[in-house]
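> Build me a model:
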Amino acid sequence: SSKSAVDPDPYFKMTCGEQSYCTRVIARDSNPVWNEDCTFTVPASGVLDTLQVCLYDRNNRVMGSDAFIGRCDISLPHIPTGKCVDTWQPVCAVDEA
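Numbering: from 1, shown residues only. Got it, this is the predicted structure:
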């Protein structure tokens, strides 16, 4: 069966400075749950102040390639040092640039 536009194959790419992490792709799921952990090293100098999280649809049928869906930016100064953070964040459909 062919993939419809309403059945995305979503994944996240998280970027903090030069570090990045991609989740696995979850096929044909509009409400995916990843349950993945990742770690970023953030210098104490405060040079890095944002974790950018972008959501994509792998091999989007209309676009012919991975399609940007949305993004959220997480403010790092609000994250406690050395702590594991489990949080929900809204993803907004914004330009990637």
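> what sits against residue 53?
Contact analysis of residue 53 by CB atoms under 8 Å, 6 or more residues apart in numbering lists 12, 13, 14, 71, 72, 73, 74, 89, 91. The C-beta positions use only the backbone N, C-alpha and C, and glycine is treated the same way.
> okay, residue 26: pLDDT?
At residue 26, the model reports a pLDDT of 95.
> cool, and the one 10 residues further on?
Per-residue confidence (pLDDT) for residue 36: 91.
> Please name the residues that touch it.
Neighbouring residues of residue 36 by CB under 8 Å, 6+ apart: 23, 24.
> host element of it?
Using DSSP states H and E, residue 36 falls within no helix or strand.
> quick one: which of the contacts of residue 53 is most hemmed in?
In terms of neighbours by other CB atoms under 10 Å, the contacts of residue 53 top out with residue 12 at 21 neighbours.
> From residue 80, how far off is that one?
Residue 12 is 22 Å from residue 80, where distance means CB to CB, to the nearest Å.
> Would you mind putting the contacts of residue 53 into JSON lines with pLDDT and distance to residue 53 alongside?
Formatted as JSON lines, the contacts of residue 53 follow (pLDDT from 0 to 100; distance: CB to CB, whole Å):
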{"residue": "12", "pLDDT": "94", "distance to residue 53": "6"}
{"residue": "13", "pLDDT": "96", "distance to residue 53": "8"}
{"residue": "14", "pLDDT": "95", "distance to residue 53": "5"}
{"residue": "71", "pLDDT": "95", "distance to residue 53": "7"}
{"residue": "72", "pLDDT": "93", "distance to residue 53": "5"}
{"residue": "73", "pLDDT": "92", "distance to residue 53": "7"}
{"residue": "74", "pLDDT": "90", "distance to residue 53": "7"}
{"residue": "89", "pLDDT": "85", "distance to residue 53": "7"}
{"residue": "91", "pLDDT": "87", "distance to residue 53": "7"}
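> List just the nearest of the residues you listed to residue 31.
Residue 31 lies nearest to residue 91 out of the contacts of residue 53, by CB to CB, at 12.5 Å.
> Contacts only, for the closest one.
Taking CB under 8 Å, 6+ apart, we find residue 91 in contact with 53, 55, 69, 70, 71, 72.
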